[in-house]
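**Student:** Have a look at this fold, sequence not included:
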Ligand SMILES: Nc1ncnc2c1ncn2[C@@H]1O[C@H](COP(=O)(O)OP(=O)(O)OP(=O)(O)O)[C@@H](O)[C@H]1O
Ligand SMILES: Nc1ncnc2c1ncn2[C@@H]1O[C@H](COP(=O)(O)OP(=O)(O)OP(=O)(O)O)[C@@H](O)[C@H]1O
Ligand SMILES: Cc1ncc(C[n+]2csc(CCO)c2C)c(N)n1
Ligand SMILES: [Mg+2]
Ligand SMILES: [Mg+2]
């Protein structure tokens, strides 16, 4: 039937260059070439993509792997079918004048963290480092960070979570000299977890029609990513076109695209099993309060990327 | 329009307080900025300044007051910044452009109006049920009150997902959230209104041996009109708030809520403020529209307006 | 299909019992007035339970009432800490600040009809500022802890209380005011002996509206930044973790707290305005 | 004399209230003949309104019998046997004068032509022709009360029940309406039951004055008036008039404990 | 005769309204002596209330002079020279009967003992002892009105201004209160200015009846009553009484165009 070619993708944030590959594929007709009719649903502060998937509001979602694995443990069997982001853009950004030089210096400091399923990497990291997160003298005080970098600028927090491609740039935009900041990239700290991957519900993957659809989707999406990486300015322009709020600036999106390209560089879309295992180990290592309690089984499939790459 | 002068006075006072507050509210950010541009500020380092209160910092650095009014991402934008942004996004771009606040007003407005329609209709029906059915009166009213103590922003994503799972998307989910906020004032007002005819009025119809429906259409309904309009005015601003709240869990694609959110996330507070004022102005216009309909309707019905 | 039939049967049964009670001889007694809404609520919950279990609705979308109840019971310490943070520190403080500020401004505005005329429309304009926009601003100004929540609440409750108080202060008859003039009573005497008591029914109207606003304001503001405790924090975090049972447990706390707060104000109203026709 | 239009015998009515039973009417016996103008007078709470409401079928007696036009009051109500005029005019503010008078006609399903004709006729009867399009609040209290009488007359019931219709008006306007009411009664020959607090009014208007007394509400005196049907306002300075008034006042004083 | 307590000469009052000026009082000349009981009667809108309010200093005349106790009305108001009784009792529903009567005493700063004593005395004066703790809405209209008179008497002003105090009560209760008011007046010797719509009431109570007429409000007749100070209710059947009543009615009819 006609639905065989319909795909709805739930993003995990509002329209921005973070999702350029998909918008480019849509705009350039790559999906169309594959015979697909793709709808992209932007996310927002109040949207949990796994929940949307569970409710049937979307066929596939983008999600951070910690969040997806946690959802899996909660009984929502989501499966990674492709992983366009190969490295993590997450980092902590601190004021240098707070005296923070290493992870140990976090003790007694206030740190802004995103919640809503995005807190897992931080919590794993802290528990691996043996730093309690419940305030107190030698633990960190955690703030639930809003959607902006104000807690840092107002010095309410000593450090905040930033993405290399977005919030960090915003801090600089506010006039802050990079020399006044110290950053801790999760990649560098060895606690990186996989970010924006493509997930589908397990039950759907038993359906060959769905699988075929996904193969075509991933192939077209990766083509979009390739194009976006190579044509940063144009990709930013395309994002601007799809941004319905009319509030984004092209310069910011171009910068974001430049940073995003570093994270997707070299990805074929296929999940790197080693990176997967590293993510799982990080999450399992969470001491008394691990994000996931058991080695996940069947949390990914390479079937689709295998087919797409042929 | 005899109240134009008093309103203007109050507005001027508020603007004066606002303008005066801009300096202390923004002084820390401004001092940081000035410090980075090698303008002399006391104390010299951001850390030291953190220990100084806003007012005394402002008094120590009178030379940078001017800068507090022109920051790109102020804590408190100055009135003229907000006014300029409003002007820019209302008058200098085509209303169909995504950069136009009119466009976003329309997006929010469409959900508001649909939600208001649903909410008002549900409120009226519920009120009729409460007035005519003793069981409903006793069972439903406490729950209607309770329903309003539940934070809508917590319910909103669930509503969206549940509706999404049965295939309802687009305008309707937002409208339903908006309806959730607007039905309550309508129920309360309408119950009061339908019960406003006194015993004598009801007895009069009884002496005519009038039927139940006749009593409703000829007495209770027209008698409830002033109450209905009073609660519709509250309901429509609640609807607008609901529509804006509903924009966040629906992908914040467009509308006042999306503008506020995006302005906040990308460090453009002036955008947020402009959207905020845009929303309040829209609410005022909606209330004015209802007042106009009220005056027309009640006028035609021959009822005098209470001042 | 059977699930719906069973649910509808439960609904019909609940309704039937309530109808019997409502039309019974002792329908105006306290117990029955309390029992009817309780039975109504229980009926809805039973229907919900049946539908969710029999239709196998995912717990990620809508958890069963039984799951919510057990989560509630098992999380009392967390729920209590959240309650204290959000309701006591945020909502209550904000409510009191907003209320006192509204009274003060009302009394000032009331001294001059000119001011009153100006403040009321501007007040209703400000009341229309949506919380989604104001909350992030207050979080920016007052930080992530409860102070910013109290500020959001104070602003939200300020206008309804102000508008009602001003209207109430004007709700004396010309005759009552003239009476005070024949006693050559001064402004403050008239205020305290006549206008404030006469305004009480209006003031309580405003306070009742404000109670529900206060709760919503404090919870929703936490979505825009908070410490790692609080009802709004817990709700948004739990949604991200797909722990919908926890979300509903918090909603139950909100509903209980809100209804009790409302009930307390209504009770106080009954005691203080016993003389008003609506209370007799 | 023909069969009475309204006939009460041993009528009893007790309200059950939260503070215990209230004995509003006790052993009331009264016959009202066709074309009578009967006034009920008595202190507050003596059951005047309650008795009128019983006749109208708006309350049901708890003892004794009551018949209206030979049927039960409720059957009479369904047959729309009477028009009822309340103390306050109680016109609908959202209807014009004309609209208010049409109200019972609409409910009773008269044809459009018939409605028009009747509205015109009763407006003339109460001297309000020309005010059709006015809303109630555009009229004086006296005019409103006349309109409410017109409303009760519009569907031409044989009986008119009036519960202190002029209680809220000042004495001078009241005099004027009393004159008009008498004229109307003379012209139409309706049977009128009329509740009042004013002795002058009762004596001036009635062919029969029923004096009532409270706790429990009962009839203490029934005075047949010998005054002629034609009554100019001056008749109130007439010795017979003063005499009857005196008797009514005495009757009232006897039944009246304090306050 | 001593100097009048209240003296108006060429009094004029025009209200400026949106619909143009309303000439409420025009060339009013009147002297009220100490201990007089003066009634004002006239159709609605003739300026009775306005005149009383001028005396009370609640309105200011636009022409002519008015003195109360030899001072300006406003000075008299500040000196608390009079007690004012309004048409409706206007008791505060949130105060008990006692609390209502204490109200002026609190405002005027009487001592606690004094307050107690005065409340007790005036409650006895109006025969309401024993009802101290009741709230107004627990009392009948007549009792409320008596309480409002007690309130006006509590601080013992020499002048009592009463604006249709019994207008809302029924005739029987009214008769009773009239008797009580006369007794009170006799006992206290206060000067009373009394507005009414009832001819009987005016004639029964007053030593002087002022008939007024509207458009513009002016005095058309001042009738000195030859009736003795002692007046049983029966005096109303007395020919002198009927005579005066007739003269008042004639005066009213002249000034009264239509309703
Ligand atoms: N619905 C009711 N329930 C309980 N008691 C009632 C009800 N209606 C009237 N009563 C009581 O019955 C008695 C008679 O009342 P009713 O209204 O007939 O008096 P009334 O003579 O018309 O008095 P008024 O002159 O004040 O109109 C009063 O004591 C009144 O309180
Ligand atoms: N504050 C006011 N502003 C304008 N006009 C007024 C005001 N008060 C009274 N009037 C007008 O002045 C005239 C006299 O009014 P007033 O109240 O003194 O009459 P009254 O004799 O007491 O009438 P009633 O018997 O109805 O009480 C009326 O035409 C009235 O409309
Ligand atoms: C409520 C909520 N808070 C934080 C994130 C984290 N996050 C993931 S991607 C992204 C965009 C960065 O520019 C952000 C902020 C989220 N998804 N939802
Ligand atoms: Mg009655
Ligand atoms: Mg008057």
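**Tutor:** That came in fine, so what should we check first? Remember, predicted model here, so these are calculated numbers, not experimental data. Ligands and ions are numbered 1, 2, ... in the order given.
**Student:** From the contact counts, what lies against whichever helix or strand residue B:25 is part of?
**Tutor:** Residue B:25 is part of helix B:4-36, with elements assigned from DSSP states H and E. For helix B:4-36, the elements it packs on are helix B:46-50, helix B:54-60, helix B:65-68, helix B:79-91, helix C:113-127, judged by 3 or more Cβ pairs under 8 Å, 6 or more residues apart in numbering or on different chains; DSSP states H and E. Heads up, the C-betas are built off the backbone N, CA and C, glycines and all.
**Student:** Low-confidence ranges, the stretch 201-307 of chain B, go.
**Tutor:** Along the stretch 201-307 of chain B, the model assigns pLDDT under 70 to residues B:252, B:303-307.
**Student:** Now do the helices in it.
**Tutor:** B:212-215, B:221-247, B:256-265, B:269-300 (DSSP state H, counting those that start in this stretch).
**Student:** So for residue A:223, which of those sits nearest?
**Tutor:** helix B:256-265 (28.7 Å; Cβ to Cβ).
**Student:** ok, back up a step: got JSON lines for the helices and strands packed on helix B:4-36, with distance to chain E and mean pLDDT too?
**Tutor:** Output for these, formatted as JSON lines (distance: least, Cβ to the nearest Cβ, whole Å; pLDDT from 0 to 100):
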{"stretch": "helix B:46-50", "distance to chain E": "53", "mean pLDDT": "80"}
{"stretch": "helix B:54-60", "distance to chain E": "44", "mean pLDDT": "86"}
{"stretch": "helix B:65-68", "distance to chain E": "49", "mean pLDDT": "87"}
{"stretch": "helix B:79-91", "distance to chain E": "37", "mean pLDDT": "91"}
{"stretch": "helix C:113-127", "distance to chain E": "17", "mean pLDDT": "83"}
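**Student:** Which stretch among those is buried most, on average?
**Tutor:** Of all the helices and strands packed on helix B:4-36, helix C:113-127 carries the top mean neighbour count, a mean of 19, counting by mean count of other Cβ atoms under 10 Å in any protein chain shown.
**Student:** got the angle between that one and helix B:221-247?
**Tutor:** Angle, helix C:113-127 to helix B:221-247, by axes from the mean of the first three to the mean of the last three Cα atoms, to 10 degrees: 50 degrees.
**Student:** Return the residues in contact with the residue in the stretch 151-300 of chain A positioned nearest to chain D.
**Tutor:** Closest to chain D within the stretch 151-300 of chain A is residue A:244: 46.1 Å, counting by Cβ to the nearest Cβ. By Cβ atoms under 8 Å, 6 or more residues apart in numbering or on different chains, the contact list for residue A:244 reads A:15, B:98, B:253-254, B:258.
**Student:** Checking it next. Helix, strand or coil?
**Tutor:** Classification of residue A:244 by DSSP: H, G, I helix; E, B strand; the rest coil places it in coil.
**Student:** shaky segments in chain A?
**Tutor:** Those would be A:1-3, A:286-290, if you go by pLDDT under 70 across chain A.
**Student:** Would you mind listing what in it touches ligand 3?
**Tutor:** A:12-13, A:18, A:45, A:114, A:116, A:118, A:163, A:166 (Cβ under 6 Å from any ligand atom).
**Student:** Could you tell me which residues of chain B lie near chain D?
**Tutor:** B:200-201, B:203-210, B:214, B:218-219, B:222-223, B:225, B:298, B:301-304 (Cβ under 8 Å from any Cβ of the partner chain).
**Student:** In strands, which of these appear?
**Tutor:** Using DSSP state E, no member of those falls within strands.
**Student:** Out of those residues, which end up buried?
**Tutor:** Buried subset of the residues of chain B next to chain D (neighbour count, 16 or more other Cβ atoms under 10 Å in any protein chain shown): B:201, B:204-210, B:214, B:218-219, B:222-223, B:225, B:298, B:301-303.
**Student:** Do a quick rundown of the helices in the stretch 151-300 of chain A.
**Tutor:** Under the criterion DSSP H, counting those that start in this stretch, helices of the stretch 151-300 of chain A are mapped to A:167-173, A:186-189, A:208-230, A:232-242, A:250-264, A:273-284.
**Student:** And for the stretch 51-200 of chain C?
**Tutor:** Taking DSSP H, counting those that start in this stretch as the criterion, the stretch 51-200 of chain C carries its helices at C:65-74, C:76-83, C:93-110, C:113-127, C:131-142, C:146-169, C:174-182, C:187-190, C:196-221.
**Student:** Any residues of the stretch 151-259 of chain D in contact with chain E? List them.
**Tutor:** Going by Cβ under 8 Å from any Cβ, the residues of the stretch 151-259 of chain D near chain E are D:170-173, D:176, D:197-199, D:237, D:242, D:246, D:252, D:256, D:259.
**Student:** cutoff 10 Å now
**Tutor:** Contacts of the stretch 151-259 of chain D with chain E, taken as Cβ under 10 Å from any Cβ of the partner chain, map to D:164, D:167-177, D:196-202, D:233-234, D:236-237, D:239, D:242-243, D:245-246, D:249, D:252-253, D:255-256, D:258-259.
**Student:** Give me the subset of those residues lying in strands.
**Tutor:** residue D:196.
**Student:** near ligand 2, which of the residues of the stretch 151-259 of chain D next to chain E show up?
**Tutor:** Okay, of these, nothing touches ligand 2 (Cβ under 6 Å from any ligand atom).
**Student:** Buried subset of the residues of the stretch 151-259 of chain D next to chain E, written for PyMOL?
**Tutor:** Those of these that count as buried under 16+ other Cβ under 10 Å are selected in PyMOL with:
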select buried, chain D and resi 164+167+168+169+170+171+172+173+174+175+176+177+196+197+198+199+200+201+202+236+245+249+252+255+256+259
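**Student:** need the strands for the stretch 1-150 of chain A, in chain order.
**Tutor:** A:6-10, A:37-41, A:60-63, A:78-82, A:90-95, A:110-113, A:141-144 (DSSP state E, counting those that start in this stretch).
**Student:** Which residues does the second one contact?
**Tutor:** Counting by Cβ atoms under 10 Å, 6 or more residues apart in numbering or on different chains, strand A:37-41 makes contact with A:2-11, A:15, A:19, A:22-23, A:25-26, A:30-32, A:47, A:49, A:52, A:57-62, A:216-217, A:220-221, A:242, B:164, B:169, B:250-251, B:253, all of which sit outside it.
**Student:** Give me the pLDDT value at the nearest residue to residue C:126 once chain neighbours are set aside.
**Tutor:** Nearest residue to residue C:126, sequence neighbours excluded (Cβ to Cβ, 6 or more residues apart in numbering or on different chains): residue C:159, at 5.9 Å. As predicted, residue C:159 sits at a pLDDT of 88.
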